[in-house]
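*Asks:* can you look at this prediction? I've put the sequence above it.
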Amino acid sequence: QKEVEQNSGPLSVPEGAIASLNCTYSDRGSQSFFWYRQYSGKSPELIMFIYSNGDKEDGRFTAQLNKASQYVSLLIRDSQPSDSATYLCAAETNFGNEKLTFGTGTRLTIIP
Amino acid sequence: SQTIHQWPATLVQPVGSPLSLECTVEGTSNPNLYWYRQAAGRGLQLLFYSVGIGQISSEVPQNLSASRPQDRQFILSSKKLLLSDSGFYLCAWSSGVIGEQYFGPGTRLTVT
């Protein structure tokens, strides 16, 4: 069974620090990976996607992918209280059909 | 720009009653469409996805069904709701480029 694993947290990070969120996946055939942010009671919002090994930066967010280790991470620099949310990692699991397998999410709390 | 709508936003239904949730997408053609359910404190469970009009794939056998009567319309139905059908129902669309999915605002269903 194809799985995406995340530490459920909660992860508490002081305001202004770097938050590091991690994700592992089981399907070596997965090509693309996605990070979503979900505020309590709201729908998930796409933050970033990555499909090449290495780092991809977008503002305060950096996604990292290591296909050899089957590991994806999201770094949030200069964390703000508004970053407090649950972060979902997803892996594309069926190339061409665009089905995503989601992790259960990591709850992040930024402490002022 | 693309917009995805879902209604109703909230719904309280008795056990055994029927269900119809609607999702429409604007600003794109021939999207892939998805129905997910998120139970309280749980991850996203893919229920159905569709790559075109009348083409529905079911991921989880249960008392729910889906239909796609028009290119940008996706409907989730049930003839008789169960208590276990309670949850946050999310519709999503994908353009088929990278595989990223964009979610609608969701419908919170409580079965009593």
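*Replies:* Great, that's in hand.
*Asks:* now for B:Thr10, how many residues are close by?
*Replies:* Each residue near B:Thr10 was counted by other CB atoms under 10 Å in any protein chain shown, and the total is 10. (Each C-beta comes from the backbone N, C-alpha and C, glycine too.)
*Asks:* residue ranges with poor pLDDT in chain B?
*Replies:* Low-confidence segments of chain B (pLDDT under 70): B:61, B:96.
*Asks:* for chain B, which segments count as strands?
*Replies:* B:3-7, B:10-13, B:19-26, B:32-38, B:44-52, B:55-58, B:64-70, B:73-78, B:87-94, B:101-103, B:107-111 (DSSP state E).
*Asks:* so what's the residue positioned nearest the centre of chain B bridging to?
*Replies:* Of all residues in chain B, the one closest to the mean position by CA atoms, centre = their mean is B:Trp35, 3.1 Å from it. Beta bridges link B:Trp35 to B:Phe48, B:Cys91, judged by DSSP bridges.
*Asks:* repeat that for A:Ala19.
*Replies:* A:Ile76.
*Asks:* which residues touch B:Leu81?
*Replies:* Residues in contact with B:Leu81, defined by CB atoms under 8 Å, 6 or more residues apart in numbering or on different chains, are B:13-19, B:63, B:111.
*Asks:* lowest-confidence helix or strand of chain A?
*Replies:* strand A:100-102 (a mean of 92; mean pLDDT, DSSP states H and E).
*Asks:* give me the helices and strands touching that strand, please.
*Replies:* Applying 3 or more CB pairs under 8 Å, 6 or more residues apart in numbering or on different chains; DSSP states H and E, one finds that strand A:100-102 contacts strand A:85-92.
*Asks:* report the angle between the strand it packs on and strand B:44-52.
*Replies:* For strand A:85-92 against strand B:44-52, the angle by axes from the mean of the first three to the mean of the last three CA atoms, to 10 degrees is 50 degrees.
*Asks:* other SSEs contacting strand A:85-92?
*Replies:* Packed next to strand A:85-92, using 3+ CB pairs under 8 Å, 6+ apart, are strand A:4-6, strand A:19-25, strand A:33-38, strand A:71-76, strand A:100-102, strand A:106-111.
*Asks:* turn those strands into a markdown table, including distance to B:Phe48.
*Replies:* Compiled in a markdown table, the helices and strands packed on strand A:85-92 are given as follows (distance: least, CB to CB, whole Å):
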| stretch | distance to B:Phe48 |
| --- | --- |
| strand A:4-6 | 20 |
| strand A:19-25 | 23 |
| strand A:33-38 | 20 |
| strand A:71-76 | 26 |
| strand A:100-102 | 14 |
| strand A:106-111 | 27 |
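*Asks:* excluding chain neighbours, what is closest to A:Asn22?
*Replies:* A:Ser73 (5.0 Å; CB to CB, 6 or more residues apart in numbering or on different chains).
*Asks:* revised request: answer the last question for B:Ala39.
*Replies:* B:Gly87 (4.6 Å).
*Asks:* list the strands paired with the least confident helix or strand of chain A, with their directions.
*Replies:* strand A:85-92 (antiparallel).
*Asks:* next, the angle from the partner strand to strand A:71-76.
*Replies:* Using the same axes, to 10 degrees: strand A:85-92 against strand A:71-76 is 150 degrees.
*Asks:* A:Cys23 reaches A:Ser73, doesn't it?
*Replies:* Yes - counting by CB atoms under 8 Å, A:Ser73 is a contact partner of A:Cys23 at 6.8 Å.
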